[in-house]
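K.L.:
Build me a structure from this.
(one chain, ligands or ions: 1)
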Amino acid sequence: MSGVVGDWVWEQDTEHRLIRLAGQVVEGDAEAKPDALLGYRRWELALMPAEDGMDWLAHRAMLECREPFRNLLLRREGQDGRITFVSVSGMPCYDSDGNWTGYRGIGQDVTEEQQRYHTVQRFQASMDASPDCIMITDFETHQMQYINDTACAVMGFPREELMKLKPHEISGLTREEVAQIFSAAMSAGPEGQTAPPFLAATKDGSRKGWWEPHHRGVRIDGRWVIVTVSRQITRRVLAEQAELRAKRMYATLSATNEAIMQVKNAGELFQQVCDAAVDAGKMASASILLTDESTGALFVSASAGIGQEALRHTRISTDSTVPEGHGLNGTAYRSGEPCVSNDFQSDPRTAPWHESAKVTNLKSAASIPILRDGKSVGVLFLCAGERRAFDDETLGLLTRMTENLSFALQTLEHEQDRARAEERIRYMATHDALTGLPNRVLYGELLDQALLTAQRYGRNPAVMFIDLDRFKLINDSLGHAAGDVLLKEMTKRLRSVLRASDVLARMGGDEFVILLQDVECRDDAVTVARKLLDVALEPMTILDHECRVTASIGISLYPAHGEDQQTLMKNADTAMYLAKENGKNAFEIYETGMQSQSIERLELEAALRTALVKEEFHLHYQAKLDLKTNRITGVEALLRWEHPGLGPVSPQQFIPLCEENGAIVPIGRWVLKTACKQNVEWQRQGLPPVKMAVNLSARQFSDPDLLNDIHAALNESGMDPTLLELELTESMVMLNPARTIEILTAIKSIGVRTALDDFGVGYSSLAQIKGFPIDTLKVDRSFIRNLPESDQDRAITQAIINMARTLSLQVVAEGVETQAQETYLRDISCDESQGFYFSRPASPEDFATLLKGHGIDLPG
Ligand SMILES: Nc1nc2c(ncn2[C@@H]2O[C@@H]3COP(=O)(O)O[C@H]4[C@@H](O)[C@H](n5cnc6c(=O)[nH]c(N)nc65)O[C@@H]4COP(=O)(O)O[C@H]3[C@H]2O)c(=O)[nH]1
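P.N.:
Numbering: from 1, shown residues only. Down below sits the predicted model:
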């Protein structure tokens, strides 16, 4: 019976025994003849119902109810293990009287059909069990023909629904794109083709990882279908993405390190780091935020990438008490630890920035603190366009980057300190520390340059030497602080009359030098010089004292007075000394003849240094005549220098030099001693005692040993202190009144008298000197010279005398040269007269002779 295919008919009686079998019967034993099966019931033939939920009991119950049955699938396993399937269908039979007679039906061998069915079943089961998504689609119509469970689960659709959809409706691709992919797969032949990975989207919009589809064209039942097997590669993709990120971060790190080696300042470094994070690190944006020390907030110092413009003006709070301070940056800054959000747009910490992040499509962000000595000084803030951009490895690299950054900052700071120090040293080497003006060195360089330009372009620069006339006086009496104020003020003034291109430099002390870049003619230089003198002369208040300082200016012009630096400077210097010698507050333009004067000055200075030791000094004495009694009541000691080669040198010439180089102090001490000794000597010769006036220089007046020197002179000579009168100039006492009063009081306490010399030219008023312990005023000879003709001088002299009287001061008129002057002075009740008219300064012997004749009252 085996191998026989075909239908057969059968009948069974009311006892369910087979009573007829005809045709190709395959029920029962394969070896048995159909007749051998007769009399048996089906459940006695080693056949088993093969359908789920069906068994012999159920079948028999159906037969008992005389129900018809269809396609009862029966399975039989032969002795050789071969499986056969038969399908039987039956109808209940009745006789003509309606009595049930049993069943009649047909049978069919369905072994092959069943085998095919099972193969498909197994195939489908294995397809469903596959972790891959499998889909079979008609190449032409794109109609879904098969889809496995995995695909249904991944896409979140019930199979029936999915079967109605076409690939472009679930893949996010267009129909054309799908068609292209299918065509490419067909062209690829039996090997098929792998398409780019895609991120699977489920029905509810959530993502189910990365899948890599492989398409292959297969011909089934005469039609081409595309079999698509998509393998999940999420892990691989994530690993690749992580590797890519790491690579980018390494690239960023190396770009940062390169920047660290090259940049010169922090700002540049920050910008390069941000650029590297965006360019090499593929970050959407990168910023470096630093602390604003005044507010404590973070401000953007550098940034690159998306939204950088908006960020530049943003201040980010680090304050833990406000919600804005709890963002990534504020938290990272406070904690000193990196702060990350790998899903920025739904992170509650980043809520204030969700809207803007949507606009700029930022998906994750990280803030890494920049630490200095363990303390946050800022943060590196990075944003990425994908979620989960900041894994542990990336963060590790970013932390290293910020460490390198802060190390670089330290190094840069040291470098900057060093550069600043170098710059400072360079500056100090070329500038005057007090005024900030170029010094001699820089001036020399600038002058050289100006001379080169002058030669090339036919310009005419000029050099001006300026010396402040009374600077030493101020410096000595008011102190160095006052001197400094004066120099600074003077710098401002001198600068104010110069062009921006002109150079003002300080040579040291009270010497300034100017380079006028181009003067068309002599008169131009003269105009500038006048302006300079004017601004210098303006009164200035120093340490609450109004002072006036004059300047002496020497000018040399290129090319007339020299074509090189040295000559021009020397000649301007020479001219300046002449201006000084000619009465100060003046300028001189260099002339050839000036040379000798300057040389003379140098020679004088050299000779002065040894003059005291070589005993080249001596004193002359000029009498003071009492205008009421016509008796000589006093004498002024005047220093004389007999230069071995030059002969007598005028005190007006050498005393300023002595004041400048300080020699006046020992020389003045000698004068004091000599004068006192002389005074006692005259008395010893039997002459009447006379007051001895001795000039004190500013230097001497501020010398701490002055009182000792006075004591010594008096003690050594044995002179009565009340006969000694010290003459000071008005300008000396006005500079530092408090100290002047202190010294004058000390001087007066030992009985020595004090006199104010050259009164009237120092701009002070009698009211101002009221408080000084002074005994005598000496009216400057410039007021006497034009007496009695000059109305103005008469008025001044008269006023001085009247006011002096009210202050109980003795008044001496200086420089009385004519009888008319003397008569006038007598008329206006001037106390004493001193001048050539009565007596020129004379030797001790000559004065003794004079005194002998005038030691008593003379006829009026
Ligand atoms: N044209 C004119 N001049 C007259 C007349 N009568 C006197 N003189 C001059 O006027 C000056 C008076 O001295 P001074 O005003 O203190 O001015 C003095 C004084 O400031 C200073 N000096 C002189 N000896 C000394 C000294 O021992 N120590 C100090 N520190 N300065 C001194 O040098 C200045 C000049 O001294 P000398 O050349 O001796 O000049 C003296 C004297 O010769 C006159 O009728 N007409």
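
K.L.:
What is the longest strand of the protein by residue count?
P.N.:
Longest among the strand segments of the chain by residue count, using DSSP state E, is strand 207-220.

K.L.:
roughly how far is that one from the heart of the chain?
P.N.:
From the chain centre to the centre of strand 207-220 is a distance of 59 Å (CA atoms, centre = their mean, to the nearest Å).

K.L.:
And the contacts of whatever helix or strand comes next after that strand?
P.N.:
Using DSSP states H and E, the next helix or strand after strand 207-220 towards the C-terminus is strand 223-232. Here strand 223-232 makes contact (CB atoms under 8 Å, 6 or more residues apart in numbering) with 131-140, 145, 151, 167, 182, 185-186, 192, 200, 209-219. In this view, the C-beta of every residue, glycine as well, is placed from N, C-alpha and C.

K.L.:
mind listing what residue 291 touches?
P.N.:
Residue 291 neighbours (CB under 8 Å, 6+ apart): 297-299, 318, 333, 376-378.

K.L.:
swap the cut-off to 6 Å and go again
P.N.:
Under the criterion of CB atoms under 6 Å, 6 or more residues apart in numbering, residue 291 has no neighbours.

K.L.:
before we move on, what about residue 817?
P.N.:
835-837.

K.L.:
near the ligand, from the residues you listed?
P.N.:
Applying CB under 6 Å from any ligand atom to the contacts of residue 817, one finds that 835-836 fall near the ligand.

K.L.:
Just the pLDDT for the nearest residue to residue 190 once chain neighbours are set aside.
P.N.:
Once flanking residues are discounted, residue 190 sits nearest to residue 216: 7.3 Å by CB to CB, 6 or more residues apart in numbering. Residue 216 is assigned 95 on the pLDDT scale.

K.L.:
right, and residue 269 touches residue 263 too?
P.N.:
Yes - if you go by CB atoms under 6 Å, residue 269 and residue 263 touch, sitting 4.4 Å apart.

K.L.:
Tell me which of those two has more neighbours.
P.N.:
residue 269 (21 against 17; other CB atoms under 10 Å).

K.L.:
elements contacting the longest strand of the chain?
P.N.:
helix 175-187, strand 198-201, strand 223-232, helix 234-262 (3 or more CB pairs under 6 Å, 6 or more residues apart in numbering; DSSP states H and E).

K.L.:
if we go to 10 Å?
P.N.:
strand 133-138, helix 149-155, helix 167-171, helix 175-187, strand 193-194, strand 198-201, strand 223-232, helix 234-262 (3 or more CB pairs under 10 Å, 6 or more residues apart in numbering; DSSP states H and E).

K.L.:
relative orientation of that strand and helix 234-262 in degrees?
P.N.:
130 degrees (axes from the mean of the first three to the mean of the last three CA atoms, to 10 degrees).

K.L.:
Can you list the strands that strand 207-220 pairs with?
P.N.:
Paired neighbours of strand 207-220 in the sheet (DSSP bridges): strand 193-194 (antiparallel), strand 198-201 (antiparallel), strand 223-232 (antiparallel).

K.L.:
what angle do it and helix 175-187 make?
P.N.:
50 degrees.

K.L.:
still on that earlier bit, which of the contacts of residue 817 ranks first by neighbour count?
P.N.:
residue 835 (23 neighbours).

K.L.:
export stretch 313-328 as PDB, just CAs?
P.N.:
In PDB, the C-alpha atoms belonging to stretch 313-328 read as follows (Å, rounded to 0.1, in the frame of the first residue of the first chain):
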ATOM      1  CA  HIS A 313      26.900  88.300  26.300                       C
ATOM      2  CA  THR A 314      25.600  85.800  28.800                       C
ATOM      3  CA  ARG A 315      26.400  85.800  32.500                       C
ATOM      4  CA  ILE A 316      25.900  82.400  34.200                       C
ATOM      5  CA  SER A 317      25.200  82.400  37.900                       C
ATOM      6  CA  THR A 318      27.300  80.300  40.200                       C
ATOM      7  CA  ASP A 319      25.000  81.200  43.100                       C
ATOM      8  CA  SER A 320      23.500  78.100  44.700                       C
ATOM      9  CA  THR A 321      20.500  80.000  46.000                       C
ATOM     10  CA  VAL A 322      19.000  80.800  42.500                       C
ATOM     11  CA  PRO A 323      17.700  78.100  40.100                       C
ATOM     12  CA  GLU A 324      20.000  79.400  37.300                       C
ATOM     13  CA  GLY A 325      23.000  78.600  39.600                       C
ATOM     14  CA  HIS A 326      22.000  74.900  39.500                       C
ATOM     15  CA  GLY A 327      22.700  74.400  35.800                       C
ATOM     16  CA  LEU A 328      25.600  72.300  34.600                       C
END
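
K.L.:
could the contacts of residue 817 be laid out in TSV, adding distance to residue 257 and secondary structure?
P.N.:
TSV is the format used below for these (distance: CB to CB, whole Å; DSSP: H, G, I helix; E, B strand; the rest coil):
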residue	distance to residue 257	secondary structure
835	89	coil
836	90	coil
837	94	coil
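
K.L.:
Tell me the one among the contacts of residue 817 nearest to residue 653.
P.N.:
Nearest to residue 653 among the contacts of residue 817: residue 836, at 19.2 Å, using CB to CB.

K.L.:
Contact partners for that closest one?
P.N.:
622, 815-818 (CB atoms under 10 Å, 6 or more residues apart in numbering).

K.L.:
Over to residue 648?
P.N.:
618, 640-642.

K.L.:
So for residue 136, what's the nearest residue that isn't a sequence neighbour?
P.N.:
Spatial nearest neighbour of residue 136, excluding adjacent residues (CB to CB, 6+ apart): residue 146 at 3.9 Å.

K.L.:
Is that neighbour in contact with residue 133, as I believe?
P.N.:
No - counting by CB atoms under 10 Å, residue 146 does not reach residue 133; the two are 11.5 Å apart.

K.L.:
Please list the residues of the stretch 551-700 of the chain that sit near the ligand.
P.N.:
Going by CB under 6 Å from any ligand atom, the residues of the stretch 551-700 of the chain near the ligand are 622, 638-639, 650-652, 655, 668, 671, 695-697.

K.L.:
Just give me the closest of those to residue 751.
P.N.:
Using CB to CB, residue 696 is the member of these that lies nearest residue 751, at 16.6 Å.
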